[in-house]
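1. Next come a sequence and a model predicted from it.
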Amino acid sequence: MSPLKRSNNIAARMGRWSASHWKTAVFGWLAFVIAAVMVGNFVGTKNIDTADANVGQAHKADQILKQAFPQVDPQTELVLVQSSSKTIQDPAFRATVKDVENTIAGNPAIKNVRSPLDPAHADQVSKDGRSAMVVWDMKGTYENAKPKIDGIVSAVGQAADRHPAFYVAEAGSVSSGKALDKMFSDQLKLAGERSIPITVIVLLLVFGALVAVGVPLLVALSSVIATVFLVALPSHLVPMDQNVSAVILLVGLAVGVDYSLFYLKREREERALGRSPRAALEAAAATSGRSVLISGITVMVAMGGMMFSGDKAYLGFGIATMMVVGVAMLGSLTVLPALLSRLGDKVERGKIPFLHRLRRDSGENRFWKAILTPVLRRPVVAAALAGGPVLQLHTSQSGLDAMPNSAPTVGTMKKIEKAFSNGDLSPAIVAIEANTNSPATHQAISELKSQAIASGQMHGPVVVEVNPSHTVTRVSIPLAGKGSDSVSNAALDTLRNTILPATVGTVQGATYAVTGPTAQSADENALLKQKAPIVFGFVLVFAFILLLVSFRSIVIAVKAILLNLLSVGAAYGVLVAVFQWGWGESFLGFHSNGGIASWLPIFMFVILFGLSMDYHVFILSRVREAYDRGLKTEDAVAHGISTTAGVVSSAALVMVGVFAVFALMPILDMKEMGIGLAAAVLIDATIVRAVLLPATMKLLGEKNWYLPRWLEWLPRLEHEGSVPEKAPTGAPAPAPAA
């Protein structure tokens, strides 16, 4: 290998420098992590303003209301009083309602109390008379109201205790939002806590030694910690979703452990072949280190696809995941070789006898060779069997059906939904910008109320509020349905496209827009559907370019894209079978809503396409390395996959374990994400990489390395790293170690 080629290998140079300056690399990394924590704490992470988070018409309405009602955002709360036998006419029922009203009366945090006993609010009583709602609004914004809601909920609970014959419980914008936010955060925290011991167990099975386990875990966790705090810097330009830390942990732990595994396993393999510690480390840096560099850049490009979704949460997730992949890649290329150079063979210390012997005697090469032999003998059959059917995926909006009955206030909300409509909890909010003193405006709003009720798709109570400057009117209209189903969406469409144009739309100079949970969800779904081709196109095109430059083969690049799409498609198929068809309802403890969460397909595509590149780049780098030494394509494929299958399956097991933790969460969306990600990684690391990849490479033969003449100008980034001193059968003698 020429000095010029050696100098072109960035990963090799980084590894060589880190090994020679291990103190600078290790303590520099620690200083970087500490500085990231300090800077992040000082700057603070800015979260997305709920008034700015929505898109489309809902965003327009939010902005109108934010300017007109800066301190009086509608935060509706209600108490459901329900009996299985008595009606509102029963004295005991009415006494219970009055007790609830007296309990909240005079509280300075509430306003606009509406009693179901008042004939003007008869729509707060169900048709059968056995359910009634006491309704009011919390003063101020959601954040203002959160600290004050617990005392009200507690007082209502005491009223419920005084009337055991009735169901008395509170739900609403603030009480439900706060309780569910806490439950969601607790679940994410629990998932993070569970993922670390799972990772430790898998690494113990892989290495069988405590020190070897600690090295990749240290690199991965330090990368996650640094990024969690560093993300505070871009958050002041692009506010982050409150769950960004969970996404950073999810992605950072997966890629951080993967990159360290690839590097460490290659270094150990070189030592087992008799290389000196320094030569083994340089070989690992030039081969696995290069794979980490290519994979990391490709994953970052894939994660960057989220930035084209038009959704503010996705934009933040895209930046955060790109950062954590970049930090993990940097750590794997610098501090990891520095630690390995210092530890040497001490990395095998802390051996656990049974596990270490199991690892040594596991026969991974023999196992994968046993699989590869029939695959390479019958590639067409293997490819056909592994391809499987194409399944159609249907998305749906997540509503109450995505939440378990055990979740706080969910049981109450479902009772309200059954007795009334979910629109009572999450009504459509119409923002009307016009002179509220104008007779034409008064007439239009009156017509709006009348036509909304007459449509049968909306009902009372219709609440009208005017801002102090009399420039904006806010009209709250409960929609029929569950708030996320076709009934609610049809009602929203009628309100937006029929009733409003016929009423408020006739007022000269008037501007109007509709927001609210149903409107926000519909607008976001429409945006994601519109932006999906852009996201997919960006990821596919740039991944193709990176692979083309890395492997100088148009066939390899195209095939990598197709195989990755197959992995994602297979994951979608699993989601359809489990959650859309309901095959896993009893086992996973959920009820199918007939579709997949609308936000999940794009999120899964970006995450999975990026992560699947880890395995593909790592395997192909090893295949190309063997091919460049003179092996035939078939022999190079067999050698490359059999020597990487162990570490790929180990890395996949870590990812599957981490992702599967989310499948245990009670929230349906999280179950879907966990099952989808885990299934995709498992399928990708086995069927796709161990069956389809070698089968298709065998079929294509030397055509795998085809590069048109007009692309010969591409830079040469050959896999010129050191090779094992003991070459596989059929290989020419390796060059001397660098």
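-> Here it is on my side, so go on.
2. Run through the helices of the stretch 501-650 of the chain in chain order.
-> For the stretch 501-650 of the chain, the helices defined by DSSP state H, counting those that start in this stretch occupy 517-551, 554-575, 585-588, 600-628, 633-663.
3. So what does the residue nearest to Q67 when sequence neighbours are not counted have for phi and psi?
-> What sits nearest to Q67 in space, not counting adjacent residues and going by Cβ to Cβ, 6 or more residues apart in numbering, is V472, at 7.7 Å. For the C-beta atoms, the positions are set from N, CA and C on the backbone; glycine is no exception. Per-residue torsions, V472: phi -140, psi 140 (degrees, to the nearest 10).
4. Equivalent analysis for G274, please.
-> Per degrees, to the nearest 10, the backbone of G274 is at phi 100, psi 10.
5. Quick one: the helices of the stretch 501-650 of the chain as a markdown table, columns for mean pLDDT, distance to G106 and mean neighbour count too.
-> Below are the helices of the stretch 501-650 of the chain laid out as a markdown table (pLDDT from 0 to 100; distance: least, Cβ to Cβ, whole Å; neighbours: other Cβ atoms under 10 Å):
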| stretch | mean pLDDT | distance to G106 | mean neighbour count |
| --- | --- | --- | --- |
| helix 517-551 | 84 | 30 | 19 |
| helix 554-575 | 85 | 51 | 20 |
| helix 585-588 | 77 | 47 | 11 |
| helix 600-628 | 82 | 46 | 25 |
| helix 633-663 | 81 | 45 | 23 |
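6. Present those helices as TSV; the columns should include distance to L700.
-> Shown next, in TSV, are these (distance: least, Cβ to Cβ, whole Å):
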stretch	distance to L700
helix 517-551	13
helix 554-575	6
helix 585-588	40
helix 600-628	12
helix 633-663	8
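7. remind me which residues of the stretch 351-500 of the chain are low pLDDT?
-> Within the stretch 351-500 of the chain, the stretches with pLDDT under 70 are 353-402, 404-405, 421-426, 484.
8. All the strands of it, in order from the start?
-> 395-396, 428-433, 463-466, 472-477 (DSSP state E, counting those that start in this stretch).
9. and if you look at the stretch 101-250 of the chain?
-> Using DSSP E, counting those that start in this stretch, strands in the stretch 101-250 of the chain cover 110-114, 131-138, 167-172.
10. show me what contacts the closest residue to L711 other than its chain neighbours?
-> Spatial nearest neighbour of L711, chain neighbours left out: I554 (7.0 Å); criterion: Cβ to Cβ, 6+ apart. The contact partners of I554, by Cβ atoms under 8 Å, 6 or more residues apart in numbering, come to L548, Y706, L707, P708, L711.
11. E193 now?
-> Contacts of E193 (Cβ under 8 Å, 6+ apart): none.
12. Tell me the pLDDT of L30.
-> What the model reports for L30 is a pLDDT of 94.
13. List the residues that contact it.
-> Counted by Cβ under 8 Å, 6+ apart, L30 has contacts S222.
14. What of A452?
-> Going by Cβ under 8 Å, 6+ apart, A452 touches M458, V462, I477, L495, I499.
15. returning to that earlier point: who wins on neighbours among the contacts of I554?
-> L548 (19 neighbours; other Cβ atoms under 10 Å).
16. Could you export stretch 100-113 as CSV, CA atoms only?
-> This file holds the C-alpha atoms of stretch 100-113, laid out as CSV (Å, rounded to 0.1, in the frame of the first residue of the first chain):
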residue,chain,number,x,y,z
VAL,A,100,-69.1,19.5,42.6
GLU,A,101,-70.1,23.1,41.7
ASN,A,102,-69.7,24.2,45.3
THR,A,103,-66.3,22.4,45.5
ILE,A,104,-64.8,24.5,42.6
ALA,A,105,-66.8,27.7,43.3
GLY,A,106,-64.6,30.7,44.2
ASN,A,107,-61.4,29.1,43.0
PRO,A,108,-59.3,32.0,41.6
ALA,A,109,-57.8,29.8,38.9
ILE,A,110,-61.0,29.1,37.1
LYS,A,111,-63.6,31.1,35.1
ASN,A,112,-66.7,30.6,33.0
VAL,A,113,-68.3,27.8,35.1
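17. which residues touch that stretch?
-> 77, 79, 81, 115, 134-139, 145, 148-149, 152, 155-156, 158-159, 168, 463.
18. What is the burial count for V410?
-> Around V410 there are 20 other residues, counting by other Cβ under 10 Å.
19. With R474 instead?
-> Neighbours of R474 under the rule other Cβ under 10 Å: 22.
20. was I right about it contacting V462?
-> No. With contact defined as Cβ atoms under 8 Å, R474 does not reach V462; the gap is 11.2 Å.
21. all helices of the stretch 351-500 of the chain, in order?
-> 353-360, 364-377, 379-387, 410-419, 439-454, 486-494, 500-502.
22. cool, and the stretch 51-200 of the chain?
-> 56-68, 91-104, 142-162, 173-207.
23. Of those, which stretch is the most buried?
-> Ranked by mean neighbour count, these are led by helix 56-68 with a mean of 21 (mean count of other Cβ atoms under 10 Å).
24. Put the alpha carbons of that helix into CSV.
-> Coordinates of the C-alpha atoms in helix 56-68 are reproduced here as CSV (Å, rounded to 0.1, in the frame of the first residue of the first chain):
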residue,chain,number,x,y,z
GLY,A,56,-51.3,24.5,8.1
GLN,A,57,-54.6,26.2,8.9
ALA,A,58,-54.3,25.2,12.6
HIS,A,59,-51.0,27.1,12.8
LYS,A,60,-52.7,30.2,11.3
ALA,A,61,-55.5,30.0,13.8
ASP,A,62,-53.1,29.5,16.7
GLN,A,63,-51.1,32.7,15.7
ILE,A,64,-54.3,34.8,15.5
LEU,A,65,-55.4,33.6,18.9
LYS,A,66,-51.9,34.0,20.4
GLN,A,67,-51.9,37.7,19.5
ALA,A,68,-55.5,38.3,20.5
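25. Done for today, thanks.
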